[in-house]
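[1] Model the structure of this input:
(2 chains)
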Protein chains: 2
Amino acid sequence: MIKAIGFSYFLFVSLNTFSQPIDESAIDQIFDLELSNGRSYEMLYDLSVNVGQRLSGSPGAEAGVRWSYNAMKQFDFDSVWLQPVMVPHWVRGEKEIGRIISKRAGTLPVNICALGGSVGTGPSGISAPVIEVKNFEELKSLGIKNVQGKIVFFNRPFDPTKINTFDGYSGAVDQRGIGASEGAKYGAVAVIVRSMGSNLEDYPHTGGMRYAANSPKIPAMAISTRHAELLSKTLSDDKDLQFYLESHCETLADAPSFNVIGEIKGTEFPEEIIVVGGHLDSWDLGQGAHDDGTGCVQSIEVLRIFKAMSYKPKRTIRAVMFMNEENGLRGGIKYAELAAKNKEKHIVAIESDRGGFTPRGFTMTASDEVRQKIQSWKPLLEPYGLTDFSQEGGGADIGPLSRQGVPVLEFLPDSQRYFNYHHTAEDTIDKVDKRELELGSASMAALVYLIDKYGLK
Amino acid sequence: MIKAIGFSYFLFVSLNTFSQPIDESAIDQIFDLELSNGRSYEMLYDLSVNVGQRLSGSPGAEAGVRWSYNAMKQFDFDSVWLQPVMVPHWVRGEKEIGRIISKRAGTLPVNICALGGSVGTGPSGISAPVIEVKNFEELKSLGIKNVQGKIVFFNRPFDPTKINTFDGYSGAVDQRGIGASEGAKYGAVAVIVRSMGSNLEDYPHTGGMRYAANSPKIPAMAISTRHAELLSKTLSDDKDLQFYLESHCETLADAPSFNVIGEIKGTEFPEEIIVVGGHLDSWDLGQGAHDDGTGCVQSIEVLRIFKAMSYKPKRTIRAVMFMNEENGLRGGIKYAELAAKNKEKHIVAIESDRGGFTPRGFTMTASDEVRQKIQSWKPLLEPYGLTDFSQEGGGADIGPLSRQGVPVLEFLPDSQRYFNYHHTAEDTIDKVDKRELELGSASMAALVYLIDKYGLK
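    Predicted coordinates:
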């Protein structure tokens, strides 16, 4: 009987938080507009192909700033501006070489790339024997006597049985993030990390790593998953093989850059701000199409759709292209810092940073009250494939806002293909399906429409 | 209050139709097995690359029959056999030419292909002016005086605002299916049909067409969506352009072929049969990877998973690779005919024929009782992304079983990319994502497990 009461109470609540026919029709219009005359794909093509990679501090990132500014100016949003922020400036350098040298198997070139933030090897490279481990406990139990002077090879794969590939990623990414300093504790001269990919592939995945304070800085490189298998197999036949590693990456002085912001002013509560955002920077190997050109164009598109349907939001809707999510989060931190300083009132922030795939729902980190209000709109969003509103989480760039108490959400697309491309040379426009991308833009616009109309109190 | 009673009744029903922890664990095991050691992708690679296209009556179809038989033999199912069936035998012929010849725009080659079942143009081709229409009403209103001697160009696109792309397809496919005979009514000499694709692309989509009884048989060709736009634009500038069409396709005498069937005998109710199936034939332009190599390997995989987990089904589980879904449905008809003749008791049939994309649910055509029972299992399937059990429908091959009263279901994957590849040279293995394919196999196995365990009464 308790359940039955709960159910009728829920019905009562949900019937009171939206106006079914009007909202259905508005959301229908949003999706129709986007699927028939959307600009998301055209924008993402331009950003991916004509701007390309946008690593923080690089000329590509500068071009991305100009591109975003001009795109939003051209759509005639109420204001478009740049928010200065200093960013780390890491450069890969020209040549990257990885080679297995085995008396049994011969010399085998393998596909490697430096992890972002790594030091280089110096011009003469590093040659050393390899010790393979699956985790830090194994490394610890091997100790200095087995690790000293060697290259540590972290080879724990994604758990393929995780349905959400982000869970596979979470279970493996510590190797990339802190593997170098863990190896250095025991005297390793470099680390090679199995790429953070769901499948066996030929290309390496880069990504951020950081050195612990006071830890010796040793080079950290990713190896393609297929070549991780090859290295492991070759090692099992020849424990004494040597690995040659060469990389010329280095960290330069911090560089000036910008968050790029556009907004439509609210008509009724202009001081209440709704942020939609993605990050403008990308890794340097591909075009940053899924990660995160997608989030940038989808955020711009939310505002453009509102203008196209002549919808005047009650609240201020702000599209933010954050700089430096990949290797520093300086843009997100700066944005939140200025929001606090300027006493801006953010009622919600929504990020898209999981790729331009078909929509499944939204994650959220918010109070129970906010969560329930958003979940009460489920009947309006389910017809568009948005069924999952149960997971915790918001995007990295809006984490600093979340820590100020702002409710945050992240657009949740299907995860199956994301880690095929993530941080690789394969993250290019041809991996993005036009309709899937558009459905994401419209999903974000639909949610923003509801939040704008009803607020979150 | 009525609602509240309904809800508690539903709770009561659902709590009694499955054993939560045991079934959760079995379904978990199914997905784990498939995602860590599945054979779906390896099978589909082999079928797509080493067998390739499998148009009914072709050597490729014969090779597909052998491949399926051997695959199931190798997995040591209880029985594997061939079920003879005569199939239509249409051949494309070598050369297909489409050309716009305009005094204003010059000669523009366009990408066309004959529709399956069409007659050819004869060796000297057809040259004629073109009249563009969007639908049969428009054609009728133009009448003989405007159509006689011309090529009718059907150019109604998919409605891009349909969220499910199959709804876009349904709204356009009449042009392909019966356009030729509709055009012939008014004296057309041939028809060109805008390809059944969601997007602007360069390659044409073939597919089945049929002539009305007593209608003159005129050639029917598909044109790529991008070239449909070009033809329309060129026509708007030059109503008098000529179109040159050449195709050497023809229909030969019916050919012998087979459905390929494998089964695991039930331990408790061996006379109760659960069918899982796909169609083995494909169009001739690509490799039939998504359509419907996917359905074949997923069906085989259901039985293989059960063997791998040493699960002995109570009921007989039968994988059926139907022949000739694309241009005749002879395999599906023959299977149902023999099932009736042999008084076999089919308790359900499940088809996969919507591509190897990420799972969303199952459609069904069944009694309310069966529907409710299947829907009561939703809590067990939702963690795997299977949330949609609301739509009507089963696969084409099991339509004849449905008409005998057998409950039928179809696996429902995400639809966004299906019509990028459907019936084209692009339907190749590289368009299939390994994890997405595997999730579909496991989804089907999970549903079959529940049906086998609990029945549908």
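[2] Now that we're looking at the spatially most central residue of chain A, what pLDDT does it have?
    Centroid-nearest residue in chain A: residue A:353, 4.4 Å away (criterion: C-alpha atoms, centre = their mean). With respect to pLDDT, residue A:353 scores 98.
[3] ok but it is inside a strand, no?
    No - counting by DSSP: H, G, I helix; E, B strand; the rest coil, residue A:353 is not part of a strand but coil.
[4] surely it meets residue A:296?
    No - Residue A:353 is not in contact with residue A:296 according to C-beta atoms under 8 Å; the separation is 9.8 Å. For every residue, glycine as well, the C-beta is placed using N, CA and C.
[5] hey, what's in contact with both of those two?
    A:278-279 (C-beta atoms under 8 Å, 6 or more residues apart in numbering or on different chains).
[6] Please list the residues of the stretch 51-200 of chain A that sit near chain B.
    By the rule C-beta under 8 Å from any C-beta of the partner chain, the part of the stretch 51-200 of chain A lying against chain B is A:160-161, A:163, A:165, A:198-199.
[7] Tell me which two of the residues you listed sit farthest apart.
    Maximum pairwise distance among these (C-beta to C-beta): 15.3 Å, between A:163 and A:199.
[8] quick one on the thing from earlier: which of the residues of the stretch 51-200 of chain A next to chain B fall in strands?
    Among these, DSSP state E puts none in strands.
[9] Report the distance from stretch A:376-389 to the chain centre.
    Taking C-alpha atoms, centre = their mean, to the nearest Å, one finds stretch A:376-389 lying 23 Å from the centre of the chain it belongs to.
[10] where are the low-confidence patches of chain A?
    A:1-17 (pLDDT under 70).
[11] can you give me the strands for the stretch 151-300 of chain A?
    Under the criterion DSSP state E, counting those that start in this stretch, strands of the stretch 151-300 of chain A are mapped to A:151-154, A:190-194, A:220-223, A:242-247, A:250-264, A:269-279.
[12] ok, now the stretch 301-450 of chain A?
    A:315-322, A:345-351, A:359-365, A:408-413.
[13] okay if I get the ones you listed as CSV plus distance to chain B and mean neighbour count?
    Shown next, in CSV, are those (distance: least, C-beta to the nearest C-beta, whole Å; neighbours: other C-beta atoms under 10 Å in any protein chain shown):
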stretch, distance to chain B, mean neighbour count
strand A:315-322, 23, 28
strand A:345-351, 21, 24
strand A:359-365, 7, 23
strand A:408-413, 10, 27
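[14] Let's have these in CSV, adding distance to residue B:204.
    Formatted as CSV, the strands of the stretch 301-450 of chain A follow (distance: least, C-beta to C-beta, whole Å):
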stretch, distance to residue B:204
strand A:315-322, 39
strand A:345-351, 40
strand A:359-365, 30
strand A:408-413, 30
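[15] Enumerate the positions of stretch A:288-297 that are buried.
    For stretch A:288-297, burial by neighbour count (16 or more other C-beta atoms under 10 Å in any protein chain shown) applies to A:288-297.
[16] And the residues you listed, which two are furthest apart?
    A:291 and A:297 (12.7 Å).
[17] any bit of the longest helix seen in chain A sitting next to chain B?
    Longest helix in chain A, counting residues (DSSP state H): helix A:434-454. Yes - Helix A:434-454 is in contact with chain B by C-beta under 8 Å from any C-beta, via A:434-436, A:439.
[18] okay, the residues you listed in CSV with neighbour count and distance to residue B:208 next?
    Below are these laid out as CSV (neighbours: other C-beta atoms under 10 Å in any protein chain shown; distance: C-beta to C-beta, whole Å):
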residue, neighbour count, distance to residue B:208
A:434, 22, 27
A:435, 24, 25
A:436, 21, 28
A:439, 27, 29
